[in-house]
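Enquirer: 3D, please:
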Amino acid sequence: MGEFKPLFHATLHQLKVFEATARHGSFTRAAEELYLTQPTVSIQVKQLTKAVGLPLFEQIGKRLYLTQAGQQLLNTCQQVFEGLEQFEMAIADIKGMKQGQLRIAVITTAKYFVPRLLGPFCQRFPGIDISLKVTNHQNIQERMANNDDDLYIISQTPDQPDLTVHPFLENPLVVIAPKNHPLVGKTNIPIQALNGEQFIMREPGSGTRQAVQSLFEEHDVEVKVRLELGSNEAIKQAIAGGLGISVLSVHTIISEGTTGEYAILDVENFPIERHWYAAHLAGKQLSVVADTFLKYLLAESHDMAQKLLPGIQLAAGKPDDNGQTLALTGNKLS
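Expert: So this is what the prediction gives:
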């Protein structure tokens, strides 16, 4: 067999310049990111174009668009850069050091506890840089489709069959009411007692809403939906303002400043048992850093549940006048 001869020669620097230009669709913005002059970026791209032998961009107005050859080169660049990043992390692991970048995307509710997990993890592995994206369920799905992140933290099992999911922490949904609600302090409240209650519901498509509606339909409970809100913070403020009751993840009420404003009602069939999941694309080879964090997450979830207990008790105002105490058994609310 003859000696392999590459079709074109390109430097790593040229590939980085090209990737930034393709991502921004602009020589100027790529230059700003790379701390280069705009003419330097333009020259590097022209040299790379000459080496390839085909146009990499077409310009329409002020915007640059990739040609077919340009898209192929961009895909190759991303594979090269990911491979180099994996290599660096693997070498660091061989040397006994954990370092590299970890990209995590989480749904909004997870922001209440994920930072508490990341803190000890970063202290244990100070060489790891973490990028945390907090967004809604729809954007999480888009990021999954684009393979934008290493790991995703979600609150319901996704529909996509091409995902691998790992349950790691219980995410119970509880009935939350203002402190002066007439049901506060009562125990073993029949779920039918919620009939006709003024209710604040999450927006359509929300996993919480789907779980609540399913339970209410099962027990023929009809509430009066007074508000539909897409934010847990907005729902908590509405509850505190006396606009109604709602069902939220218990994790949403352990944030600062909630003490004394809410009560968890002891309603039959609650909490609704749900889990937090760590997910990644099926078949994706996790980096050394991502695999380290996933193992940490699974190992530390029990201790995490115990650390959250005081905050949950405080936010719930327990123990109450009847001596009822909110507790976690393992990592389950009871």
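
Enquirer: Where does pLDDT dip in the stretch 151-300 of the chain?
Expert: Residues of the stretch 151-300 of the chain that meet the criterion pLDDT under 70 lie in 158-161, 254-260.

Enquirer: quick one, helices of the stretch 151-300 of the chain?
Expert: Assigned by DSSP state H, counting those that start in this stretch, the helices in the stretch 151-300 of the chain fall at 207-218, 232-240, 288-316.

Enquirer: Just the buried positions in the first one, please.
Expert: So that's helix 207-218. Buried residues in helix 207-218, counted by 16 or more other C-beta atoms under 10 Å: 207-209, 211-213, 215-216. Where you see a C-beta, it was placed from the backbone N, CA and C, and this is true even at glycine.

Enquirer: Considering the residues you listed, which is situated nearest to residue 268?
Expert: Closest approach between these and residue 268, by C-beta to C-beta: residue 215, at 10.5 Å.

Enquirer: what are the bridge partners for the residue lying closest to residue 200 once chain neighbours are set aside, then?
Expert: Using C-beta to C-beta, 6 or more residues apart in numbering and skipping the chain neighbours, the partner closest in space to residue 200 is residue 246 (4.2 Å). For residue 246, the beta-bridge partners under DSSP bridges are residue 176.

Enquirer: which ones are touching residue 246?
Expert: 175-176, 199-201, 235, 238-239 (C-beta atoms under 8 Å, 6 or more residues apart in numbering).

Enquirer: rerun at 7 Å
Expert: 176, 199-200, 235, 239 (C-beta atoms under 7 Å, 6 or more residues apart in numbering).

Enquirer: top of those by neighbour count?
Expert: For those, counting by other C-beta atoms under 10 Å, the largest number of neighbours falls to residue 176: 27 neighbours.

Enquirer: now that residue: how far from residue 131?
Expert: Residue 176 sits 32 Å away from residue 131, going by C-beta to C-beta, to the nearest Å.

Enquirer: do residue 116 as well
Expert: Counting by C-beta to C-beta, the gap from residue 116 to residue 131 is 18 Å.

Enquirer: and what of residue 80?
Expert: Distance check for residue 80 against residue 131: by C-beta to C-beta, it reads 20 Å.

Enquirer: ok, now which ones touch the residue nearest in space to the middle of the chain?
Expert: In the chain, the residue lying closest to the centroid (C-alpha atoms, centre = their mean) is residue 106, at 0.7 Å. Residue 106 is in contact with 114, 132, 134, 153, counting by C-beta under 7 Å, 6+ apart.

Enquirer: Which phi and psi values does the first one adopt?
Expert: Backbone dihedrals for residue 114, given as degrees, to the nearest 10, come out at phi -60, psi -40.

Enquirer: Surely it is in contact with residue 153?
Expert: Yes: under the criterion of C-beta atoms under 7 Å, residue 114 makes contact with residue 153 at 6.3 Å.

Enquirer: These two - which one has more neighbours?
Expert: Taking other C-beta under 10 Å, residue 114 and residue 153 do not tie; residue 153 has more neighbours (25 against 20).

Enquirer: Could I get the contacting residues of the more buried one?
Expert: For residue 153, the contact set (C-beta under 7 Å, 6+ apart) comprises 104, 106-107, 110, 114, 276, 278.

Enquirer: Check residue 300 too.
Expert: Residues counted as contacts of residue 300 (C-beta under 7 Å, 6+ apart) are residue 117.

Enquirer: just to revisit the earlier point, which of the contacts of residue 246 lies closest to residue 52?
Expert: Residue 52 has its nearest neighbour among the contacts of residue 246 in residue 235, at 53.7 Å by C-beta to C-beta.

Enquirer: who's in contact with the closest one?
Expert: Contacts of residue 235 (C-beta under 7 Å, 6+ apart): 200, 229, 246, 248.

Enquirer: element containing the closest residue to residue 57 other than its chain neighbours?
Expert: Of all residues not flanking residue 57 in the chain, residue 64 sits nearest, at 4.5 Å (C-beta to C-beta, 6+ apart). Using DSSP states H and E, residue 64 sits in strand 63-66.

Enquirer: count of neighbours near residue 281?
Expert: 18.

Enquirer: Please name the bridge partners of it.
Expert: residue 163.

Enquirer: how much space between it and residue 211?
Expert: Distance of residue 281 to residue 211, computed by C-beta to C-beta: 25 Å.

Enquirer: again with residue 75
Expert: Computed as C-beta to C-beta, the residue 75 to residue 211 distance reads 39 Å.

Enquirer: helices and strands around the helix or strand where residue 39 lies, which ones?
Expert: If you go by DSSP H and E, residue 39 is part of helix 38-52. For helix 38-52, the packing partners by 3 or more C-beta pairs under 7 Å, 6 or more residues apart in numbering; DSSP states H and E come out as helix 12-24, helix 27-34.

Enquirer: would CSV of those helices with mean neighbour count, distance to residue 124 and mean pLDDT be doable?
Expert: Formatted as CSV, these follow (neighbours: other C-beta atoms under 10 Å; distance: least, C-beta to C-beta, whole Å; pLDDT from 0 to 100):
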stretch, mean neighbour count, distance to residue 124, mean pLDDT
helix 12-24, 19, 31, 89
helix 27-34, 18, 31, 89
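
Enquirer: Having no further points to raise, I will conclude here.
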